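A.B. asks: predicted model follows, preceded by the sequence.
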Amino acid sequence: MADYVIAIDQGTTSSRAIVFDHSGSIVSTGQLEHEQIFPKAGWVEHDPNEIWNNTREAIGQALSKANLTRHDIAAIGITNQRETAVIWDKNTGEPVYNAIVWQDTRTQDIVDRLAADGGVERFKKTVGLPLATYFSGTKIVWILENVEGARERAEAGDLLFGTTDTWVLWNLTGGVEGGVHVTDVTNASRTLFLNLETLEWDDEILAAFDVPKSLLPTVKSSSEVYGHADSHSLLRETPIAGILGDQQAATFGQAAFDKGEAKNTYGTGNFLIFNTGEDIIHSENGLLTTIGYKIGDQPTHYALEGSIAVTGSLVQWLRDNLGLISSAAEVEELARGVEDNGGAYFVPAFSGLFAPYWRSDARGALVGLTRFVNKGHIARAALEAIAYQTAEVLDAVNADAGVDLTELRVDGGATANDLLLQFQADILGVPVVRPVVAETTALGAAYAAGLAVGFWKDTDDLAKNWQEDKRWEPSMDKGERDRLYRNWKKAVTKTFDWVDEDVN
């Protein structure tokens with residue numbers, strides 16, 4: 001009998017394959033980074049072929065490190081950077097353009113055009129999302145309008161769209177030789193096209209965007225067998241049985257299955273998801289309404305989400321653009337060299353501000369500078385920015401849900417940073433808890449796949465795997481917390497209204 005499940009985690013900066021055992025422990029990992037392409041200010045792209053080639057190699061690495069073959073693998077799960085859009089020719093398998101990444105802001109003119117009739121919340125009641133450059137719908141429109149011949153080929157039925165889960169699945173199941181063109185409800189709910197109640201593509205919205213329905217994948221649940229790896233794969237004949245967008249996957253991996261449970265992922269950006277159970281709650285405070293998960297034919301679980309564009313990527317920016325550090329891990333040591341932020345606040349609105357503001361006109365600002373401020377203060381201000389942005393999103397969740405969070409479960413790469421998580425607990429005033437397995441995104445995809453094939457029995461079986469690794473208790477005086485948070489909110493206002501028609 002197969003003793004393992006493998007998860008493909010196609011992320012913003014890398015593609016990974018992680019093998020898990022029945023206890024949810026990591027057995028082996030393969031990982032390759034892909035190029036971040038910045039053709040113009042505000043434009044962010046990836047090469048879809050590089051992503052697919054890296055995914056195949058990562059699978060090989062993970063299997064070889066653990067000395068496993070396809071016979072040891074019960075199922076394959078996929079998780080992915082959600083709103084990143086790929087359009088390719090179904091006859092050749094070749095992308096018509098690079099993948100346009102979720103952080104990309106080039107589609108603001110398209111957003112403005114669509115919002116001219118009804119505002120940015122024009123479709124929010126149906127899809128749970130405001131019109132914004134973040135979501136994949138406007139990226140599809142940009143490709144159709146700007147890539148020569150793309151619209152004609154799309155209307156002829158020759159092109160396919162997918163977020164990167166769909167791109168990986170289609171290639172893994174044969175590509176031009178019978179590849180499966182499917183996505184799950186969580187990824188579909190990030191396009192601006194999915195009706196949250198019916199779980200079907202909305203024809204009226206597609207007409208407003210002028211997007212042919214033939215482009216779009218079939219929408220399935222998050223946990224069912226979609227197809228099998230093709231004969232060219234190291235995993236041939238293995239069922240692909242779980243798909244979850246990365247943030248929903250992390251929630252699933254954190255075993256936050258029930259209404260009122262939440263998690264916060266610290267990755268390229270930060271993403272807080274609050275499970276609202278079978279209820280669709282429309283936010284009054286700048287959050288997104290999204291699908292949390294759907295297991296087979298069981299009821300759909302919905303969620304409120306606070307999406308923050310720039311958190312971990314701010315640390316990368318300190319490393320790559322300023323050279324303040326030579327590795328991301330060094331930021332904690334640099335920040336510990338000072339007692340506080342020295343009065344400096346760093347608002348990383350590099351792609352505008354996401355939740356709870358949704359201000360595309362904002363740009364990054366480092367404020368409160370004096371001659372006293374040094375690179376240690378800047379490093380500390382960068383880490384504190386991650387925690388402040390999370391606090392603002394949690395305030396919005398508490399207001400919408402009417403229930404104050406009592407603890408925050410966290411995951412993602414930055415949770416290795418003790419200074420950050422202590423400050424997070426301090427600024428929230430509630431405990432912050434990290435699980436033993438911090439790779440909860442990949443684990444969630446593995447769980448979804450394993451449930452579909454009976455590797456795990458049910459969500460109760462999964463919840464037993466969750467174990468606390470470390471807990472940070474708040475220790476800051478309330479007066480100090482309020483002062484710092486007040487100054488942060490003042491700093492945020494300094495980023496507004498920066499982009500004029502003649503400023504990129």
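C.D. replies: Structure received.
A.B. asks: does Thr183 fall in a helix, a strand, or a coil region?
C.D. replies: strand (DSSP: H, G, I helix; E, B strand; the rest coil).
A.B. asks: bridged to it, which residues?
C.D. replies: Beta-bridge partners for Thr183, by DSSP bridges, are Val219.
A.B. asks: what about it, distance to Ala445?
C.D. replies: 14 Å (CB to CB, to the nearest Å). C-beta here means a position set from N, CA and C on the backbone, and glycine is covered the same way.
A.B. asks: can you check Trp88 too?
C.D. replies: Distance, Trp88 to Ala445, by CB to CB: 22 Å.
A.B. asks: more neighbours: these two, which one.
C.D. replies: For Trp88 versus Ala445, neighbours defined as other CB atoms under 10 Å are more numerous around Ala445 (37 against 25).
A.B. asks: Ile78 is in contact with that one, correct?
C.D. replies: Yes: with contact defined as CB atoms under 8 Å, Ala445 reaches Ile78; the gap is 5.9 Å.
A.B. asks: can you give me the neighbour number for Val180?
C.D. replies: Val180, neighbours per other CB under 10 Å, totals 20.
A.B. asks: next one: Gln108
C.D. replies: Other residues close to Gln108 by other CB under 10 Å number 16.
A.B. asks: that one contacts Ser360, correct?
C.D. replies: Yes: taking CB under 8 Å as the contact criterion, Gln108 and Ser360 are neighbours in contact, 5.6 Å apart.
A.B. asks: shared neighbours of those two, anything?
C.D. replies: Thr133 (CB atoms under 8 Å, 6 or more residues apart in numbering).
A.B. asks: picking up where we left off before, between Ala445 and Ile78, what contacts are shared?
C.D. replies: Common contacts of Ala445 and Ile78 (CB under 8 Å, 6+ apart): Ala7, Ile8, Gly242, Ile243, Leu244.
A.B. asks: most widely separated two among the residues you listed?
C.D. replies: Maximum pairwise distance in these, criterion CB to CB, is 11.4 Å, between Ile8 and Leu244.
A.B. asks: which ones are touching Lys464?
C.D. replies: Lys464 makes no contacts at all, as judged by CB under 8 Å, 6+ apart.
A.B. asks: how about it, phi and psi?
C.D. replies: phi -70, psi -20 (degrees, to the nearest 10).
A.B. asks: could you do Thr290 as well?
C.D. replies: Residue torsions, per degrees, to the nearest 10, at Thr290 are phi -140, psi 170.
A.B. asks: beta-bridge partners for it, please?
C.D. replies: Counting by DSSP bridges, Thr290 is bridged to Ala303.
A.B. asks: what about it, how many neighbours?
C.D. replies: Burial measure for Thr290: 26 neighbouring residues, criterion other CB under 10 Å.
A.B. asks: I'd say it and His301 touch.
C.D. replies: No: Thr290 is beyond contact range of His301, at 10.4 Å (criterion: CB under 8 Å).
A.B. asks: common neighbours of those two, please.
C.D. replies: Common neighbours of Thr290 and His301 (CB under 8 Å, 6+ apart) do not exist.
A.B. asks: residue at max distance from the center of this structure?
C.D. replies: Largest separation from the mean C-alpha position in the chain: Arg371, at 37.9 Å (CA atoms, centre = their mean).
A.B. asks: which phi and psi values does it adopt?
C.D. replies: Torsion angles at Arg371 (phi, psi; degrees, to the nearest 10) stand at phi -60, psi -20.
A.B. asks: pLDDT below threshold where in the stretch 351-500 of the chain?
C.D. replies: The stretch 351-500 of the chain contains no residues with pLDDT under 70.
A.B. asks: what about the residue lying closest to Glu407 once chain neighbours are set aside, distance to Arg471?
C.D. replies: Nearest non-adjacent residue to Glu407, counting by CB to CB, 6 or more residues apart in numbering: Pro431, 4.6 Å away. Noted for Pro431: a distance of 6 Å to Arg471, by CB to CB.
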